[in-house]
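Engineer: Quick one: sequence plus predicted model below, questions after.
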Amino acid sequence: MPAINTMPAEGQNFLHPKGEKEFPYYVGIHSLADLATKEDRVCVLNILGGESTTVTPISHEYSGGNIVCGVMPGRSGSVLKTKIGDIPVYNNVLEALNDGKKFNVAVVYVPPDGVKDAVIEAVRVNPDLKKIVILTEKVKVKHARMIRQYCQWRGVDVFGANCLGLGDAHNHVRIGGALGGNVPHESLVPGSVALYSNSGNFTTTIATYLLTAGWGTTVSVSSGKDVYIHFAAPEFTHAMHNDDRSKAAVMYIEPGGYYERDLVFKKPVVACVVGRWKAKLTRSCGHAGAIAGSGDDAASKEKWFMDKFGVKAIFTPEAPACSAKGAVVTNIAHIPQAMTAVMMMNGIKPDFEPRGDLALKCWFFANQEIALPKELQLPMVEALAPYNEQIASLGKQVGAIFPRQAMKDCSGASRMDAKTQVSQVHGVSVLDASTHTLEENLVMSLLREYPDAAGRAMANVALNAFVNHFGLPGLLAADAARAAGSSPNVVLSTGVAMIGPNEVKPARDAVQVLVDLFGHSGLSDPNNLSFDFQAQLAAAAENGARDVLISSKSGKRGKSMLSALEARGCKSVFLEFVKALGAGGDGVRDSTVLAAICCHLAWRPLIRRRLSVTTMLAMPWHLRIFSAMVGCVVPADRQDKKSFSGVDNGELLESWSFTETAFLSLFGRRPNEEELFSFSVLVGLLVTNGPGTISAQGPKGAVSADGPMAPERIQVNKAYLGFLSHTGFAHGGNGYEAIAFLMERFKDSGLADPTDPNHGLDLMAMAMAYAAEYKAYKAKAKGAGSMDYAKIPCVNHPVFKGKPENFDPREVFVDNLFKQRGSYNVFQDFYHQLVHALFKSGISREIYCVNVDAVIAVILLKMLWKPYARGEVSALFGRMIGTAAEVDDHTNRGRDMDTRTAASACSYVS
Amino acid sequence: MQITGMKWGAKLLKYVDFPCAEVLGPEATPDEIKALIDKWGGCLIKPIFKGGIGKKGKAGLVGKATDVRTALKEKERLYFAEHTHGNQTSKSEGVTFEGFVKAEHEIYVSLTDNTIYRAPTLTITHHGGMDIEELPPSQIAVVPFDPLTGLKGFVISNALDKMNAPNEILSPLVQNITKLWDLFNNYGMTTLEINPIRIWRDPNGRLIPIACDFKCSFDGDDRNAKRLNLPETLDSIHLSDYELEVNQLRTYQGQSDVYVINPAGTITAMTFGGGANALVTELLGDLATISSDFGGNPPYAKMKMISDITYKHWLSQTNVLFLIGGKANNTDIYETFRAMGDGLRSYFNERGPTPLFVVVGRGGPNLVPGLGYLKDILDSLGIPHAMFGYDSAMSEVINYAMAVDTWMRNGGRQVIAQKLGVK
């Protein structure tokens, strides 16, 4: 232990080791050359936290492997992978030391509340520790006080908090945060200027700016700008003087604090003081410590530096006020020029030739065909390397590319609003989805937007073309499952299982060919029939694409689809193209027509990069599965070569919507307008309930297990099996109990037509009678000591409660929807009477809401007025839409096996 | 949060049993005021300002009364008094009635974190009752002390002794001022100032220090202040709806500091980094709607929420949406720009188009994918834009944004509106 300094005359009468003699408190850093050295060995606290896992590997690799270990409670035995080897992780610092790890620097990524304890612990157990770099922001001032005092006592230099650490361009070492970003050598170029900045971001930005005047850096210090700056301007200045490599310094200074007031410089300095205007602000915005009192505002700080440098004005390019001692600027863009001017007065030339310049360089510009004044109309300038290549490849890229992350409990497709309980898929609430048809929602689930009228017609052709399963193994398997007494989920699973990759390969190949041919053609809207595709025709003939799209052996279905599209008035560049390629339609494979429809539907979002090529390629598979889900509902005895459930194949193709076909599969007839609307509402309401639901977790798990990072491996049909296996009697049977309940109430009522408001029933009397019955039942059950008595289905809701009268906004929405159509539903009316009856009878203390599950029940019952068994499938149709969205989303964004639960989070139950 | 005055100061001081003047609030009845005057021989009537208001410029804003009639008259005069210092104007919301404390000595005391000593520091003088800046240094003691042990009696005693303070006040001050450390340290304060403490001689002849004015500020990152159960509205009167909404997100990773500069501004700058915030705020001045710092690598979800809130409040009046930052170190440009772009698309989807020009200046990880994503959205929405990398001087990019704003103020906004089909 070195000699001891004491300060008995002041309140700080504590002991601390002897450091640099120029300071009345402990400072261990003699020279900037000591800040970030090749010999420093680092332990990162909270190494597996979100920020550290991104930043630490880059620091480690840039510095040649200076991080010996990290700690994170509960993660002992883990490693942080880097390109130059794994960094071992321990539960705590003591464990790392006991394992023989030696380090003199601790880097702190711990959350704010834990920073103080983490620092004290690291210092307490490791006598070798000499430097601590705290990256964490929002550390309490109270904790900063204690950290300072404890580290003073133990002779440890502290950097930060809320800083980005230290970088030494000469040593090629970065300690702590992310100075220089993910490509440190781009900004940290060796030179002769030492850099000190209150702003982490500007540390890197200023280093980059200096390059434009030929100045590189020695050391970059991001000081942080909390109230306590532990390694502050005085310590930096002292160490800069003692660093032979540093010929000058740049100091970026913000208002607040007196750190700079008493500095005495022995080397030239350019000080950038900002924040004059911020004096008008009455509280901090940005850096916590950048709020000034009366004497430490920006104007005062400008004057401090001007007095030191002996200059009377701020340096600007127009009026370059400076001396050999330095210059004050208020704009970071003026720093390079000021540095050169000051150094010239000292006879010192720049370190190297200027690299680039700071003139306006527009990388992307679009006036959107608006006439702008000349001075605003900017030419596009090629970006500096490597960004120029990235921009060039961006131009070549077709479609979006999504960043990958663990997607177990998150989704880029769906979400549930915890407040309103209304779920959304691609930003469309289920309430809005309920006003769209099944085919529109299916398309939207994949494209993130609804199709236009032409797109809707095309989707109907694509979906109806493959609905008839006559003679296909899927239907035989489904029938076998049906005969075995399996639930609808199992029946449909067997059918969907047969739509394997080989079934859809020709269509996927055709989509790929069309994307390759048209991706860079300039085609933005396939409705634009004036687009000239002669070049694509020629290319297709040359590169073998034609063979993928056209076949002399193709069957009748492709031709029928083209005829149906013609009959429906569908026009598309893609349809015209394949017809031209097949000489008027002959030889166009059905898979090619399906691919052309997919391309037409998805082209605009693809070109706008809202959609990935991965989604495009998967589209035919999803569409075939949608068809199979509906097709396998109808038993084999109601399908033949020419018709499906009694309707001619051609008629389905040319004039039926897929919603009608789905209704047909369930009820054996074409729905009337009212039934079609009700059916669409029903299906739309069930689209999704967010990524956490079992029905979403099933397909997400299936995708995860196949490995979405190689999306071509994803078995889309297997993902739907995941959905079907994760729905069942308890989940996916919305309203089942309510139907049974309503059937019981109305079975002897003599109700003839549930849509007739003049039904002649006294609903309130029925409701009061039931309320009395229920009250007696409840009292009896309670009297018998049972609290597990049956609840009335579909009334009350855990969120929509607590008011004198309560409403489930989803039920209100649907109720209004039907009211606006002049549509009446006796069952819904009864439910509304019932909640009032329960209140009047004293069963409930408030008027319960009628919840959304009741809506499903009353719609179904109104349509059917018969057993619910087949209605259950409607729920599957609805959730099929959400499944498509989740499967595609997880394929695009997920990581391999990202739905697994860590063994440490699992428990054994005996 | 900052607190000024005895209405709340007295409540806080009572937590640590620090004696203070008897205070009545604006709701005091004439009978209560009379009782106060009878007990103390008179009262001071002071306006209640929210937030931090210094002594400067408050001359004339304190009333004195020795009878109820005068007290009520002063109440009427001061109830909505205005206080202007520099460019800040505050309006009073009521008055307090504070009993006279007759005294021979007035003390100034403050606790704050001193950046010279890098330690909590006691500032004390027995020449109190006036602005501390007006005293010569020899009459003020500034003493740093050890935060691990706290403010000890000897620190106060030594300081007063060094200034030759009267012996009779040493003991009462040592006994009571040490209590302030508990308030300062345990409830997340960064400044605590009492000026004056009047040394009152009680009927038994004992000297008792009585706090007669109070000022403190709290550390925004320290939840301990919440234990005081101060009303949320105490400081929030200064916060706009926009600031309140964004402040809700402070718990997430990343900064989310905002300050409304000009509710009628036309450039909305979403700024990343404290440095960029300082520069952008400086150069845009009153053209800006807000001053902001959204740096610190906010995740997509937070950035999307910030964007939604910002667009909701400012986009309809904005000419230039300005997305600006330096070369980010760890903020993911793709994630943040994706969120801002998606927010823009949602806004246009839900509320229809609004005349807008987007100017971007940025650098950092995933820069080109981020710019590319935003560009695709702007193209699809038909919004003109210019995007610059970090190799353009930030100040030049700001100048360009201002030039666009000038053009839009002079008819350009109508041109874009027409193109977008906005009526």
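Structural biologist: That came through, no problem. Numbering: from 1, shown residues only, chains lettered A, B, ... in the order given.
Engineer: near chain A, which residues of the stretch 101-250 of chain B show up?
Structural biologist: B:113, B:115-122, B:133, B:143-148, B:151-152, B:155, B:158-159, B:185, B:188, B:190, B:219-222, B:224, B:238 (C-beta under 8 Å from any C-beta of the partner chain). The way it works is simple: take the backbone N, C-alpha and C, and place the C-beta from them, glycine included.
Engineer: Among these, name the ones in helices.
Structural biologist: B:155, B:158-159, B:185 (DSSP state H).
Engineer: Please report the number of neighbouring residues for residue B:84.
Structural biologist: The number of residues packed around residue B:84, counting by other C-beta atoms under 10 Å in any protein chain shown, is 9.
Engineer: Indicate the residue of the stretch 151-300 of chain A located nearest to chain B.
Structural biologist: With C-beta to the nearest C-beta as the measure, residue A:199 is the residue of the stretch 151-300 of chain A nearest to chain B, at 2.9 Å.
Engineer: In what element of secondary structure is the closest residue in space to that residue that isn't next to it in sequence found?
Structural biologist: Across the structure, with C-beta to C-beta, 6 or more residues apart in numbering or on different chains as the measure, the residue nearest residue A:199 apart from its sequence neighbours is residue B:275 (2.9 Å). Residue B:275 belongs to helix B:274-284 when elements are defined using DSSP states H and E.
Engineer: Am I right that residue B:81 is in contact with residue B:92?
Structural biologist: Yes. Applying C-beta atoms under 8 Å, one finds residue B:81 in contact with residue B:92, separated by 4.4 Å.
Engineer: name the helices or strands packed onto the helix holding residue B:275?
Structural biologist: With contacts defined as 3 or more C-beta pairs under 8 Å, 6 or more residues apart in numbering or on different chains; DSSP states H and E, the packing partners of helix B:274-284 are helix A:200-211, strand B:267-272, strand B:290-293, strand B:320-327, helix B:394-407.
Engineer: Residue A:622 is in contact with residue A:716, isn't it?
Structural biologist: Yes. Using C-beta under 8 Å, residue A:622 is in contact with residue A:716, at 6.3 Å.
Engineer: Mind listing the shared neighbours of those two?
Structural biologist: Contact with both residue A:622 and residue A:716 is made by residues residue A:887, according to C-beta atoms under 8 Å, 6 or more residues apart in numbering or on different chains.
Engineer: what sits against the closest residue to chain B within the stretch 651-800 of chain A?
Structural biologist: Of the stretch 651-800 of chain A, the residue with the smallest distance to chain B, taken as C-beta to the nearest C-beta, is residue A:691 at 13.2 Å. Contact criterion C-beta under 8 Å, 6+ apart gives A:407, A:409-411, A:413-415, A:697, A:700, A:886 as the residues in contact with residue A:691.
Engineer: quick one: which of the residues you listed sit in helices?
Structural biologist: Assignment to helices by DSSP H places the following of the contacts of residue A:691 there: A:697, A:700, A:886.
Engineer: Disregarding residues adjacent in the polypeptide, which is nearest to the last one?
Structural biologist: If you skip the residues right next to it in sequence, residue A:886 has residue A:696 as its closest partner in space, 5.0 Å away by C-beta to C-beta, 6+ apart.
Engineer: follow-up on the earlier one: can you verify my assumption that the residue of the stretch 151-300 of chain A closest to chain B contacts residue B:273?
Structural biologist: Yes. Using C-beta under 8 Å, residue A:199 makes contact with residue B:273 at a distance of 6.1 Å.
Engineer: Which one's more surrounded, these two?
Structural biologist: residue A:199 (33 against 30).
Engineer: Could you pull out the strands in the stretch 151-300 of chain B for me?
Structural biologist: B:189-201, B:207-211, B:215-218, B:257-260, B:267-272, B:290-293 (DSSP state E, counting those that start in this stretch).
Engineer: Which of those has the lowest mean pLDDT?
Structural biologist: The minimum mean pLDDT among those belongs to strand B:257-260 (a mean of 84).
Engineer: sorry, back to before: so which of the strands of the stretch 151-300 of chain B comes closest to residue A:383?
Structural biologist: Residue A:383 lies closest, by C-beta to C-beta, to one member of those: strand B:267-272, at 19.3 Å.
Engineer: who's in contact with that closest one?
Structural biologist: Contacts made with strand B:267-272 from outside it, assessed by C-beta under 8 Å, 6+ apart, are listed as A:201, B:277, B:280-281, B:284, B:287-295, B:306-307, B:310, B:314-315, B:318-326, B:328, B:331, B:336, B:340, B:362, B:401-402, B:405.
Engineer: residues of stretch A:633-649 that come out buried?
Structural biologist: The neighbour-count check on stretch A:633-649 (16 or more other C-beta atoms under 10 Å in any protein chain shown) flags A:633-634, A:636, A:639, A:643-645, A:647, A:649 as buried.
Engineer: Quick check: mean pLDDT of it?
Structural biologist: When pLDDT is averaged over stretch A:633-649, the result is 95.
Engineer: ok so, going back, narrow the contacts of residue A:691 to those in strands?
Structural biologist: Under the assignment DSSP state E, the contacts of residue A:691 contribute A:414-415 to strands.
Engineer: Residue A:841 - nearest residue in space that isn't next to it in sequence?
Structural biologist: Nearest residue to residue A:841, sequence neighbours excluded (C-beta to C-beta, 6+ apart): residue A:771, at 4.0 Å.
Engineer: so that neighbour sits in a helix?
Structural biologist: Yes. Secondary structure of residue A:771 (DSSP: H, G, I helix; E, B strand; the rest coil): part of a helix.
Engineer: surely it meets residue A:837?
Structural biologist: Yes. The pair residue A:771 and residue A:837 passes the contact test of C-beta under 8 Å, sitting 4.2 Å apart.
Engineer: pLDDT below threshold where in chain B?
Structural biologist: Counting by pLDDT under 70, chain B has low-confidence residues at B:50-60, B:85-89, B:129, B:233, B:235-238, B:250-256.
Engineer: for the stretch 451-600 of chain A, same thing?
Structural biologist: Applying pLDDT under 70 to the stretch 451-600 of chain A flags the ranges A:554, A:584-586.
Engineer: Now do the contacts for residue A:722.
Structural biologist: Remark: with contacts taken as C-beta under 8 Å, 6+ apart, residue A:722 is in contact with A:698-703.
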